[in-house]
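[1] Dropping the sequence and predicted coords here.
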Amino acid sequence: MIKRNLLVMGLAVLLSACGFQLRGTGTQELSIKELDLSARDAYGTTIKMLKQQLESSGVRVHAGAPYKLVLLSEENSQRTLSYTGGGNSAEYEIGTTLRYEILTHDNLHLLDDKLEVQKVFLHDGNNITGSDQESSETRKEMRRDLIQRMLIRLQLLTPEQLAQLQATAEAKAKAEADALEAARKAEAETPQQSPMELPNQ
């Protein structure tokens, strides 16, 4: 019994040393310590859950943060995979796609990407209520998965990468502004053509 307990404890220490965490336990350390968070659906479940998880991970979520995470859209999909039981039951694949972008505090675009989650569940035509509940629970689980994946994405962003992305975005914005100014100056310096004079008849 003691040996087994020691073995379990040893495995737990080994796994934690490798960075392993059971889903839903502990917090993930993020290099981003301040973040502005917004979404098209500002009062939606996803942004509320994400804000809670970010704050649990030590991130201060506020409007004056150096970077902004914007949830652009959350789209649900569903398709039938197969029919069973004389057409009364069907196997469905449901999916959720979350599109997002990261900006600087002054709205310079750094990156955009999307997260996708799919799950399969059986819809029982003889138990509509139970199937609807299962579908709802599956959607909730998928949303939790999306939040975890978003945290992992943010966890992988180092301050150096963010600084590089910002430098690239600033250089691009400056080049565009310089090109616009050069075009404006060239237009201002170009003499206006006088109206075409018709030869005397």
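    Yep, that arrived.

[2] show me what contacts Asp112?
    With contacts defined as Cβ atoms under 8 Å, 6 or more residues apart in numbering, the neighbours of Asp112 are 72, 99-102. Backbone N, C-alpha and C define where each C-beta goes, glycine included.

[3] Report the buried residues of the helix or strand harbouring Glu160.
    Assessed by DSSP states H and E, Glu160 sits inside helix 159-189. Across helix 159-189, burial judged by 16 or more other Cβ atoms under 10 Å covers 162, 165-166, 169.

[4] Please apply the same query to stretch 138-149.
    139, 142-143, 145-148.

[5] Please apply the same query to stretch 69-86.
    For stretch 69-86, the neighbour count (16+ other Cβ under 10 Å) marks 69-71, 74 as buried.

[6] any residues touching that stretch, and which ones?
    35-41, 44, 46-47, 50, 89-103, 112, 120, 122, 125-126, 139, 154.

[7] what about Asn107, helix or strand, and which?
    Of the helices and strands defined by DSSP H and E, none includes Asn107.

[8] quick one, what contacts it?
    For Asn107, the contact set (Cβ under 8 Å, 6+ apart) comprises Lys68.

[9] Now do the phi/psi pair for it.
    phi 70, psi 20 (degrees, to the nearest 10).
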